[in-house]
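Colleague: Take this sequence and fold it.
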Amino acid sequence: MKFLTICAFTVVLTIAALGAACSDDGGGKTLTLDEYFQQLDAIQNENDATFATQEASAEEPAEDASGEELAAFLRDSVTESADTLRDTGSKGGDLEPPDEVADAHDDIVAAINTAADALDAAADDVPDTLTIEELADGTFFDDEALNAAFDGITTACNALEAIATENNITVDLACDEG
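Modeller: Okay, here's the model as predicted:
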């Protein structure tokens, strides 16, 4: 199995989350609704680029990698994704959203942080040794808590997109890509 498949799975799961975090340029002022969604889109693009860079720079394990090396590879990859999500949640937490999206914003930040925690737990659950077949089958990602965490991101993301639509703001937070 190629590492790209593992990365692609993690990236697909996190794309909705990536579009949901943003920063307010450090000014501490509440943004307009248009500004808020512009920053969401900009941060989504930035985080997509981060994941693409991580995927492109990751070296696949050797065909003859030991079980310990395969386990470490998977654990490190998942942890790196969790770290990226955690950074996204932090940026989102720094934002002063307008009243119209305050609750939905809080929900997406909480969902992102929950997903990062779920990824950390998945990394912790990786056994000390893996076979290439175990790495390829992806069962480590078929976890109820992990699935629920990413479903929470999708729900919160869709709520944000609905607010944008109600206010005639065109934005694509890629909620359905997860």
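
Colleague: rest of the way, CA atoms for contacts and neighbours
Modeller: Will do.

Colleague: Per-residue pLDDT of residue 71, please?
Modeller: Per-residue pLDDT puts residue 71 at 93.

Colleague: no, scratch that, I was asking about residue 174
Modeller: pLDDT recorded at residue 174 is 81.

Colleague: Please apply the same query to residue 24.
Modeller: So, for residue 24, pLDDT stands at 36.

Colleague: just for the chain, where's the confidence low?
Modeller: Where the chain drops to pLDDT under 70, the residues are 1-28, 177-178.

Colleague: Can you name every helix or strand that the helix ranked longest in the chain contacts?
Modeller: Using DSSP state H, we find that the single longest helix of the chain is helix 67-94. Contact here means 3 or more CA pairs under 8 Å, 6 or more residues apart in numbering; DSSP states H and E; on that basis helix 67-94 packs against helix 3-18, helix 33-57, helix 102-124, helix 132-137.

Colleague: how distant is it from the center of its chain?
Modeller: Centroid displacement of helix 67-94 relative to its chain, using CA atoms, centre = their mean, to the nearest Å, is 9 Å.

Colleague: which SS class is the residue of the chain most remote from its centre?
Modeller: Here the centre of the chain is the reference, and by CA atoms, centre = their mean the most remote residue is residue 64, at 30.7 Å. Counting by DSSP: H, G, I helix; E, B strand; the rest coil, the backbone at residue 64 sits in coil.

Colleague: And it, how far from residue 169?
Modeller: In this view, residue 64 and residue 169 are 52 Å apart by CA to CA, to the nearest Å.

Colleague: Please apply the same query to residue 81.
Modeller: 30 Å.

Colleague: Looking at the two, which has the bigger crowd around it?
Modeller: Legend: neighbour count by other CA atoms under 10 Å for residue 81 and residue 169, higher for residue 81 (22 against 15).

Colleague: residue contacts, the residue nearest to residue 131 when sequence neighbours are not counted?
Modeller: Closest residue to residue 131 apart from its sequence neighbours, by CA to CA, 6 or more residues apart in numbering: residue 67 at 5.5 Å. Residues counted as contacts of residue 67 (CA atoms under 8 Å, 6 or more residues apart in numbering) are 128, 129, 130, 131, 132.
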